[in-house]
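Undergrad: starting from these lines, generate the structure:
(one chain, ligands or ions: 1)
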Amino acid sequence: METRAVLFEGRRLEYVLERKNVKNINLRVRAGGIYASASRRVPAAAVDRFVLSRAAYILAAKDRLEAVQRAAPPPHAYEPGEVFTVQGRDYALAVVPGTRDSAYIAGGLLVLRMRDPADRARRERLALGFMEKQCQAVFGAMLDRLYPALEAMGAPRPTLRFRNMRSRWGVCHVKSAVITLNKRLLPMDPALGEYVVTHELCHLIVPDHSPRFYALLEGLLPDWKARRAALSAAPSHWP
Ligand SMILES: [Zn+2]
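TA: Prediction:
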């Protein structure tokens with residue numbers, strides 16, 4: 001491993017060169033930096049030239065990654081006053097004593113009512129449990145609104161499941177009519193979840209991404225491209 005740098009339009013572009021038994025020069029842009037791999041036969045200067053030839057793309061990808069990281073809030077500590085976002089709305093965490101444990105939203109607050117408000121691990125479990133239930137409530141209601149248009153075309157009513165995923169917003173298992181949504185959609189504006197749910201619902205009619213699929217999606221959601229762009233720019237975190 002060797003750290004090298006090239007200059008592109010006045011910007012210093014540092015990258016890590018790894019020697020591996022690979023056929024071509026491979027390039028990866030990660031949150032941690034830029035990584036190139038090449039076999040020992042390729043001179044370092046040739047890798048530099050290759051990186052330079054892809055510099056515009058690398059810098060755009062790097063800027064995008066950094067923007068998402070900047071926008072993502074730090075992980076929750078489940079301390080009173082912390083902000084939790086559900087469907088684009090912010091709720092401050094309030095912890096109050098009570099005779100039994102419960103969590104609910106009231107007047108701009110996410111309230112945790114607890115026998116032992118000092119129990120931090122319990123605060124986290126309560127808040128996370130509440131967010132899990134919110135997924136079902138929010139996206140269940142969304143499905144109720146969006147499904148009838150697809151039902152009219154013969155789509156079966158899907159079952160919703162939720163997972164915290166790193167690289168996908170939704171998955172549609174057509175045979176079993178199960179749509180799995182990324183939990184990270186819960187904090188986001190409802191327009192973004194609607195785009196994902198509509199996309200996955202369309203797969204119940206057209207399983208692939210053929211022109212017929214996009215014609216169907218376009219008919220149901222004419223601004224889907226703008227929503228997709230907003231989704232890829234949105235900070236992604238759970239909860
Ligand atoms: Zn798809």
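Undergrad: low-confidence ranges, this protein, go.
TA: Along the chain, segments meeting pLDDT under 70 span 67-72.
Undergrad: mind running it again at 80?
TA: 31-32, 63-73, 167 (pLDDT under 80).
Undergrad: where along it do the strands fall?
TA: Remark: strands assigned in the chain by DSSP state E are 2-8, 11-19, 26-30, 33-38, 83-86, 89-97, 102-106, 109-114, 159-163, 170-173, 178-182.
Undergrad: have a look at the chain and report its longest helix.
TA: helix 120-151 (DSSP state H).
Undergrad: quick one: Tyr147 and Leu201 touch, right?
TA: Yes - using C-beta atoms under 8 Å, Tyr147 is in contact with Leu201, at 6.6 Å. No exception for glycine: its C-beta is placed from N, CA and C like everyone else's.
Undergrad: so which of the strands of the chain is nearest Arg212?
TA: strand 170-173 (15.4 Å; C-beta to C-beta).
Undergrad: which of Tyr147 and Leu201 has more residues huddled nearby?
TA: The residue with more neighbours, out of Tyr147 and Leu201, is Leu201; 25 against 18, by other C-beta atoms under 10 Å.
Undergrad: now the longest helix of the chain: buried residues?
TA: 122-123, 126-128, 130-131, 134-135, 138-139, 142-143, 146-147, 149-150 (16 or more other C-beta atoms under 10 Å).
Undergrad: please name every helix or strand in contact with it.
TA: strand 83-86, strand 102-106, strand 109-114, strand 159-163, helix 190-203, helix 211-220 (3 or more C-beta pairs under 8 Å, 6 or more residues apart in numbering; DSSP states H and E).
Undergrad: return the distance of the residue of the chain positioned farthest from its centre relative to Asn24.
TA: Here the chain reaches farthest from its C-alpha mean at Arg41, the gap being 39.3 Å by C-alpha atoms, centre = their mean. Per C-beta to C-beta, to the nearest Å, Arg41 is found 12 Å from Asn24.
Undergrad: any residues in contact with both of Tyr147 and Leu201?
TA: 155, 158 (C-beta atoms under 8 Å, 6 or more residues apart in numbering).
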